[in-house]
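Visitor: With the input below, show me the fold.
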Amino acid sequence: MCVKILEAAGKLNMEEYQFFLKGGIVLDRENQMDNPCPWLEDQLWDNITELSKLPNFHGIIESFEQYPRDWNVWYQSSEPETTPLPGEWDSSLNELQRMLIVRSLRRDRVSFCVYKFIVNNLGSKFVEPPVFEMKSVFDDSTCKTPLIFVLSPGVDPNKYLKELAEKLGMTHRFNSLSLGQGQAVIATNRIKEGAKNGNWVFLANCHLSLSWMPKLDKIVEQLQTDPVHKDFRLWLSSSPHPDFPIAILQSSIKITTEPPKGIKANMKRLYAQMTESKFNTCRKPEKYKKLLFSLCFFHSVLLERKKFLNLGWNINYSFNDSDFDMSEKILVNYLEMYEDTQWDALKYLIASVNYGGHVTDDWDMRLLQTYMNTYYKEDTLQPFFKLSNLPYYYVPKDGSLQSHRDFVSMLPNNDHPEAFGQHPNADIASQIKETQLLFDTLLSLQPQVTSSANKANAKSIEEEVMDMATKVIESLPSKIDYEGTKKIFSEDNSPLKIVLLQEIERYNILLEDINLSLVSLQKGIKGLVVMSSDLEEIFKCIYEAKVPPSWQKMYPSMKPLSSWTRDLTMRVEQLAKWSETAKPPVLFWMSGFTFPTGFLTAVLQTAARLNNISVDSLSWEFTVMQTDDQYITEAPKDGVYIKGLFLEAAAWDKKAGCLIEPEPMQLVCSMPTIHFKPVENKKKVSKGMYVCPCYVYPNRAVGSGRPSFVVAVDLKSGAMAPDHYVKRGTALLMSLDN
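Guide: Residues are numbered from 1 along each chain as shown. Model (predicted):
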């Protein structure tokens, strides 16, 4: 809204705004200026080199060459958006132009810039959520205006509605119905009766009855013309869903409330719901009060951990108050039934059965049980047991319910990542993801035509897409000779040969598809062929610098178009070299395979045939190499060397050969080459070893309909216990999102 107002007033440079949304797109780095700053990632340097092409940023590359230290200080600052820029740039740029530099180098701070930009141009009321008052919402409505609660996790509008009905004397005329299978006829009748007699009708969970929504749309349309009782109100609730009728949304009042955020807010809510009688019923009050506090903290941590996105949970779970209530009842029962505290039974029932009933991912279950083991143990009953490494999270001394509430109200308002066992970098990682979501949303709202105010200065959207399509076609590698490779390997019956041929076949199909779709797109832009819906989608994706979904069917990726194209070239080059030399690489780049699990299975099959044993009896042993890649010249006798993996939420000490804490701003680090060695009857994982999951890419749940998880790699945890890295969400990634 702010951008539209400024654009209409002629106060916004749209070329700069487009850069703000898309960043720098570099398909070929051959002609790019060299990066003078070793601390600056390639993707960030791409942004700077492309930014220098805008009229107001000529000379910025030279500034990085002249003042690399000053730029590093700015880059490392905790609030770069308010820190003065090096050299003359601080005084020569306006607010949007400063935002472009923040967007180029520190994406985690973009949301703070946007907040300030809106306040400065529109006013603070546009970024401050209004106080939620049901009475004022009701006063704004009429008998013909539906009111929709847009549901958010942990919020139940039913309670607010019942309170309002009681306040306005409508309790006896308040009808609520949860929609679902077979409820459509009842809902229709209740609306008709309500419109006639002046009742309130509340239809909850409309997203569970989407097939009936078109009929509801017609009923709402009919209400506009039919006579309706002045007291009638139609209340609806629904989770956001793309199939919800637009017409109902346009004609209704929308209401949404955010659930309480933060450990403190959640614990306050739990203790506010606790009554004196309930708090004092257990016959072992000393144990109960301590373990209840730990349970409240456990529940709050599980709810709030989702803010770390990929580093939080692999899959989002809807933990709710009923989980807590049931766990509290289990706690009371087991404390009263047994003299000794039944730790194993409590931990199993609360973590594995009760909360664990929601959890579908094995690695998430491991995390859940790790938290439970931390908070529920004999030490918890000791005075002032610490729940985290931070000084203010501990179990308070015994006291009344009010004293516990007072203690909770003294906890920090903002949660430090360490409260969850996370590194401060986890906050930065989640802020970058939020920024990307902001850009995706803004791009989806962009008009697909060039505005008249900027037509004179800017290329048309069609010209931009045409140029980008040409660049992609030129950068595509050639297809690999499948038949020629088949002949060369005709006498080779190893499983790795099958992997090579399958991979070549898949990449050749992908290259053919990309080339055909781009040529068709260019013809469509010229008007030589009809633009189909598939071509429209490719057009939109290329304009937004994204990879079209039809190109991602061979392997999942979260990369933008520029780095995805470079990555594709590297993948094909690995296979082409293997095909030409007829020799497997000494160091395998496993990330370059469309099916990495198939490749690993082939390595196990090779070892099984060599040693004449069953493939099912084999598992992996891992050795992280201390030798640099250039000095590894021969393949190992058993297994393979794997290069090119990334370590997220930790760093690697090459000399000591173990995990260590990452540096500030170090979100991922390159992992040294790892020797994957097949072994028979492997022993159990020894103490001091962290079982590290390896995923295809940052989305740890699923990719292109396949699980993102590939293999579990054993890494030495060094000075910290393995549980430390479980809470950190430490994992190996085969590819990144940049």
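Visitor: Give me the distance between Tyr75 and Leu44.
Guide: Distance of Tyr75 to Leu44, computed by CB to CB, to the nearest Å: 9 Å. All C-beta atoms are positioned from the backbone trio N, CA, C, and that covers glycine.
Visitor: more crowded one of the two?
Guide: Comparing Tyr75 with Leu44 by other CB atoms under 10 Å, the one with more neighbours is Leu44, at 19 against 16.
Visitor: tell me which element that one falls in.
Guide: With elements taken from DSSP states H and E, the one containing Leu44 is helix 42-51.
Visitor: now swap in Phe293 and tell me
Guide: Applying DSSP H and E, one finds Phe293 within helix 285-304.
Visitor: any low-confidence regions in the stretch 451-600 of the chain?
Guide: 451-459 (pLDDT under 70).
Visitor: hey, where'd the strands end up in it?
Guide: In the stretch 451-600 of the chain, the strands defined using DSSP state E, counting those that start in this stretch lie at 587-588.
Visitor: can you check the stretch 1-150 of the chain too?
Guide: For the stretch 1-150 of the chain, the strands defined by DSSP E, counting those that start in this stretch occupy 147-150.
Visitor: Let me see the ranges of the helices in it.
Guide: For the stretch 1-150 of the chain, helices defined by DSSP state H, counting those that start in this stretch occupy the ranges 2-8, 14-22, 42-51, 60-66, 68-76, 89-92, 95-105, 110-121, 134-140.
Visitor: One more: the stretch 351-500 of the chain?
Guide: Shown for the stretch 351-500 of the chain, the helices assigned by DSSP H, counting those that start in this stretch span residues 362-375, 401-409, 425-444, 461-475, 482-488, 495-526.
Visitor: list the helices and strands the fifth one packs on?
Guide: It stands for helix 482-488. helix 495-526, helix 561-581 (3 or more CB pairs under 8 Å, 6 or more residues apart in numbering; DSSP states H and E).
Visitor: Measure how the longest one sits relative to helix 461-475, angle-wise.
Guide: The one in question is helix 495-526. Going by axes from the mean of the first three to the mean of the last three CA atoms, to 10 degrees, helix 495-526 is angled at 150 degrees with respect to helix 461-475.
Visitor: and Leu147, what pLDDT?
Guide: pLDDT for Leu147: 91.
Visitor: Stretch 702-720: which residues count as buried?
Guide: 703, 708-718, 720 (16 or more other CB atoms under 10 Å).
Visitor: what does it rub up against?
Guide: Stretch 702-720 is contacted from outside by 363, 552-553, 555-556, 596-597, 600, 620-622, 624, 653, 656-660, 674, 685, 688-697, 699-701, 724-725, 732, 734, using CB atoms under 8 Å, 6 or more residues apart in numbering.
Visitor: and Tyr641, what helix or strand is that in?
Guide: With secondary structure defined by DSSP H and E, Tyr641 is part of strand 640-642.
Visitor: who does that strand touch, helix- and strand-wise?
Guide: Applying 3+ CB pairs under 8 Å, 6+ apart, one finds that strand 640-642 makes contact with strand 587-588, strand 674-680.
Visitor: what's the most buried one of the ones you listed?
Guide: strand 587-588 (a mean of 20; mean count of other CB atoms under 10 Å).
Visitor: quick one: contacts of that strand?
Guide: Residues contacting strand 587-588 (CB under 8 Å, 6+ apart): Phe599, Asp629, Ile632, Val640, Tyr641, Ile642, Lys643, Thr673.
Visitor: Now rank the residues you listed by neighbours and give me the top one.
Guide: Among the contacts of strand 587-588, Ile642 has the most neighbours (other CB under 10 Å), with 27 neighbours.
Visitor: if we can go back for a sec, make TSV from the helices of the stretch 1-150 of the chain and add distance to Leu442 and mean pLDDT to it.
Guide: Supplementary listing: the helices of the stretch 1-150 of the chain in TSV, determined by distance: least, CB to CB, whole Å; pLDDT from 0 to 100:
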stretch	distance to Leu442	mean pLDDT
helix 2-8	8	87
helix 14-22	6	89
helix 42-51	17	90
helix 60-66	24	92
helix 68-76	24	92
helix 89-92	25	89
helix 95-105	12	93
helix 110-121	9	91
helix 134-140	28	85
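Visitor: okay, those in CSV with distance to Phe489 next?
Guide: Output for the helices of the stretch 1-150 of the chain, formatted as CSV (distance: least, CB to CB, whole Å):
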stretch, distance to Phe489
helix 2-8, 57
helix 14-22, 43
helix 42-51, 35
helix 60-66, 47
helix 68-76, 49
helix 89-92, 57
helix 95-105, 46
helix 110-121, 50
helix 134-140, 71
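Visitor: Using CSV, write down the CA coordinates of stretch 6-23.
Guide: Below are the C-alpha coordinates for stretch 6-23, written out as CSV (Å, rounded to 0.1, in the frame of the first residue of the first chain):
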residue,chain,number,x,y,z
LEU,A,6,4.5,6.7,-3.3
GLU,A,7,4.5,5.4,-6.9
ALA,A,8,1.3,7.3,-7.7
ALA,A,9,2.9,10.5,-6.2
GLY,A,10,6.0,9.9,-8.4
LYS,A,11,8.3,9.6,-5.3
LEU,A,12,9.5,6.0,-6.0
ASN,A,13,12.1,4.8,-8.4
MET,A,14,10.5,1.5,-9.6
GLU,A,15,13.8,0.2,-11.0
GLU,A,16,15.2,0.3,-7.5
TYR,A,17,12.1,-1.2,-6.0
GLN,A,18,12.3,-4.1,-8.5
PHE,A,19,15.9,-4.7,-7.3
PHE,A,20,14.6,-4.6,-3.7
LEU,A,21,12.2,-7.5,-4.5
LYS,A,22,14.5,-9.7,-6.7
GLY,A,23,18.1,-8.9,-5.7
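Visitor: still on that earlier bit, and the helices of the stretch 1-150 of the chain: which comes nearest Gly169?
Guide: Smallest distance to Gly169 across these (CB to CB): 12.6 Å, for helix 134-140.
Visitor: mind listing what's buried in the closest one?
Guide: For helix 134-140, a neighbour-count test (16+ other CB under 10 Å) marks Met134, Val137, Phe138 as buried.
Visitor: now what about it, what contacts it?
Guide: With CB under 8 Å, 6+ apart, helix 134-140 has contacts from Leu147, Tyr160, Leu161, Glu163, Leu164, Lys167, Leu168, Arg233, Ile253, Ile255.
Visitor: 6 Å instead?
Guide: Where contact means CB atoms under 6 Å, 6 or more residues apart in numbering, the residues beyond helix 134-140 that reach it are Tyr160, Leu164, Ile255.
Visitor: Where does the prediction get shaky in the stretch 101-250 of the chain?
Guide: Ranges of the stretch 101-250 of the chain meeting pLDDT under 70: 129-132, 153-155.
Visitor: give the contact list for Val603.
Guide: Each residue near Val603 by CB under 6 Å, 6+ apart is listed here: Val640.
Visitor: Wait, a helix at it?
Guide: Yes: under DSSP: H, G, I helix; E, B strand; the rest coil, Val603 falls within a helix.
Visitor: Model confidence for it, exactly?
Guide: Val603 carries a pLDDT value of 96.
Visitor: same deal with the one 5 residues further on?
Guide: What the model reports as pLDDT for Ala608 is 94.
Visitor: count of neighbours near the residue lying closest to it once chain neighbours are set aside?
Guide: Using CB to CB, 6 or more residues apart in numbering and skipping the chain neighbours, the partner closest in space to Ala608 is Val615 (4.1 Å). Val615: 14 surrounding residues under other CB under 10 Å.
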